[in-house]
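S.K.: Task: produce atomic coordinates for the following.
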Amino acid sequence: MALIATLGRHVGLSSRKTPSIGQMAALRRQRKALVRLDDAALRDMGLTRSDVEQEAKRAMWDVPANWRC
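M.R.: Down below sits the predicted model:
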């Protein structure tokens, strides 16, 4: 884990405003799970398949805006 933290500092991921590596990994897992949902489940959440595909294409470090406050 120390290696990951060190690498994160070298690429500018060390401020309090940026999410941890663990948070980014969790977000990646959540995005993958979202893609696996069927259209009925997405409709229940008010999402379209297009919305989900666009979200899934985001980079792991491209986190929701409320994480950056």
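S.K.: Just the pLDDT at Gln23, thanks.
M.R.: Per-residue pLDDT puts Gln23 at 83.
S.K.: Helix, strand, or coil at it?
M.R.: With DSSP: H, G, I helix; E, B strand; the rest coil as the basis, Gln23 sits in helix.
S.K.: Am I right that it is in contact with Val63?
M.R.: Yes: here Gln23 reaches Val63: they are 7.4 Å apart, a contact under Cβ atoms under 8 Å. Where C-beta positions appear, they are placed from N, C-alpha and C, glycine not excepted.
S.K.: so where's the chain uncertain?
M.R.: Within the chain, the segments meeting pLDDT under 70 span 1-18, 66-69.
S.K.: The same query, at a cut-off of 90, please.
M.R.: 1-28, 58-69 (pLDDT under 90).
S.K.: Which residue ranges of it form helices?
M.R.: 2-10, 21-36, 39-44, 49-56 (DSSP state H).
S.K.: Now render those helices as CSV, adding mean neighbour count.
M.R.: Shown next, in CSV, are the helices of the chain (neighbours: other Cβ atoms under 10 Å):
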stretch, mean neighbour count
helix 2-10, 11
helix 21-36, 13
helix 39-44, 11
helix 49-56, 13
